[in-house]
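In: have a look at this prediction, sequence included:
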Amino acid sequence: MIAALLLGLAGLQAGTRLRDVELERVLREEVLAWTQAREKPAAGALAALLGEAETLDAPLLIQALGDLGHELAQAGRAEDGRALVRWSAEQALAVNALGTRSWALEWLGQDAWVRGELGEARALLAGAAGCDEARGAPRDEVRHRADVARLWLSLGQHEEALAEIRRAEEVARASGSDEAARATAEVHASLLYDLGRHRQALALCLAHTPLGARAVPLDVPLDESQVRLDLQTASLLADVGRLETAEGYARRAHELALDPRVARLAPLLHLEGKLALGLLLGDLGRGAEGLVLLDAAAREFERLGDPRGAAWAEKNRGFVLLAAGRAEEAAEALARAWSGGHALGEPSLEALGALGTAEALAEAGVEDARIEEGLALAARLGAELGDRQILWRVAAL
C-alpha cells in the first residue's frame, strides 16, 4: 500500500516536472519573439508572463527575460527595461544562476553610472564581482573590480580605489590571464596618474601593450581591456608632450573599439575612443577633424540619453574649440560641462569645466565673474581630488 502511494507520488512529481519544462519552453519562445519584434509587449502582458515565470526553476528563461529588459531600454522604455533586468537579477539569485546575475548586476550598474548614481553603480558592480568570484570567473571579476576602482577614482577616493585594484591584481595573477593583467594595469595607471606619479603610470602601461601605430598590428589583442589600456597610454603620452606618439595609441584604440569582435561585447566603447582621439587631434592643431569625432559622439550620447557622456563630450569640444582660437564658443561648451559635472556629482568633470570656462573667458578678453569663480572652484576641487594636473593648470592661468 505504502509502496503504491510512493509510486503514485513519484509519478505526480514527474508529471509536474514535465509540465514545467513544457511551460518554460513556451514562455521562452514567447520572450524570444518579443525580443526580436519591433513592437514590444505591453506592461500587462509582460506582468502576466512574469507571474507564470516566477513559479518555475528556469535559468534560461530568466536570462531571456533579462535580454528582453535590455531591448526594452533600447526601445525607449527605460523604466520597464530597468525593472525587468532587476527582476532577472533577483530570480537568478534564487536559482543560483550566478552568470546571469553577474550580467544583470553589471547592466544595472552601468545604467546607474550613466545616470550619475555613482554610489548605486559601485554597489551593483561590486555585487557582480562577488558573483564572479563565487562562480570562478576571474576575468569578469577583474573587469568588474576595475570598474569599481574607476568609480572610486572619479570621486578622488584613492585609498578605496587602491584596495580594489590590489584585489583585482591578486585575482589576475592567480588566473594567469593576460587580459585580466591588462585591465588591472590600466586602472592602476589611472591611480598613479592621479597621484602625480606620471613616469610610473606610463611605464606600467607600456609594459602591457604593444607599440602604438597608425595601423592595427596583427598581434594586438582584440578586447575591451586593450582599448582602455591604449586610451590610458595615449593620455599619459599626451601629457608629456609626445602628441604624435599618443595619436597612434588613441587611433588604434578607436579602431579596436569599432572592430565587430570588440563592439559585440562593448558596443559603446568606441565613444570613449572618439572623445580621446578628438581631444588629441585638437592639441595637434587638427581641430576640424577632432570636432567631427566629438560631434558624432555628442549626437550618440544624446540619442542614448546619457547626460554623463554628453557632459564629457562638451568638455572635450570646449578645449578643442579653445585650441582652435574659438574662445567664445569654447566658453559656452565648457560652461555646459561645468554645470553637467556639478549636476552629476562628478567633481573631476566639474573642476575641468570650471577651469576651462575661466581659461576660455580670459582668452576671449571679456570681463566675467565666472573667471575668478571657476578658478577658485577648480583649485578647491583639485585639492580635494589630489589632482596635480588641475592644480598646475590653475596656477599657470
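Out: Yep, it's here. Keep in mind it's a predicted model, so treat the numbers as computed, not measured. Residues are numbered from 1 along each chain as shown.
In: center of this structure - which residue?
Out: Residue closest to the average C-alpha location in the chain (Cα atoms, centre = their mean): Gln110, at 5.9 Å.
In: how far away is the closest residue to it other than its chain neighbours from Gln63?
Out: Computed as Cβ to Cβ, 6 or more residues apart in numbering, the closest residue to Gln110 that is not its neighbour in sequence is Ala121, at 7.3 Å. From N, CA and C alone the C-beta is placed, and that goes for glycine too. Distance check for Ala121 against Gln63: by Cβ to Cβ, to the nearest Å, it reads 22 Å.
In: related to what we said a few turns ago, which other helices and strands contact whichever helix or strand the residue nearest to the centre of the chain is part of?
Out: For Gln110, the host element (DSSP states H and E) is helix 98-114. Secondary-structure packing of helix 98-114 (3 or more Cβ pairs under 8 Å, 6 or more residues apart in numbering; DSSP states H and E): helix 59-74, helix 78-94, helix 118-135, helix 138-154, helix 307-323.
In: want to throw the ones you listed into CSV with mean pLDDT, mean neighbour count and distance to Ala246?
Out: Shown next, in CSV, are those (pLDDT from 0 to 100; neighbours: other Cβ atoms under 10 Å; distance: least, Cβ to Cβ, whole Å):
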stretch, mean pLDDT, mean neighbour count, distance to Ala246
helix 59-74, 87, 21, 34
helix 78-94, 91, 19, 36
helix 118-135, 96, 20, 28
helix 138-154, 93, 24, 21
helix 307-323, 95, 25, 15
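In: would CSV of these with distance to Gln200 be doable?
Out: Listed next are the helices and strands packed on helix 98-114 as CSV, based on distance: least, Cβ to Cβ, whole Å:
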stretch, distance to Gln200
helix 59-74, 39
helix 78-94, 38
helix 118-135, 26
helix 138-154, 16
helix 307-323, 26
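In: tell me where the model's unsure across this structure.
Out: Within the chain, the ranges that satisfy pLDDT under 70 run 1-20, 212-219.
In: what about 50?
Out: 1-16, 18 (pLDDT under 50).
In: what ranges do the strands span in it?
Out: For the chain, strands defined by DSSP state E do not occur.
In: separation between the residue nearest to the centre of the chain and Leu125?
Out: Taking Cβ to Cβ, one finds Gln110 at 8 Å from Leu125.
In: thought Arg261 was touching Leu222?
Out: Yes. Counting by Cβ atoms under 8 Å, Arg261 does reach Leu222; the two are 4.9 Å apart.
In: pop out the phi and psi values for Gly176.
Out: phi 70, psi 20 (degrees, to the nearest 10).
In: quick one, what contacts the residue nearest to Ala161 when sequence neighbours are not counted?
Out: Nearest non-adjacent residue to Ala161, counting by Cβ to Cβ, 6+ apart: Trp152, 3.8 Å away. Contact partners of Trp152, counting by Cβ atoms under 8 Å, 6 or more residues apart in numbering, are Arg122, His158, Glu160, Ala161, Glu164.
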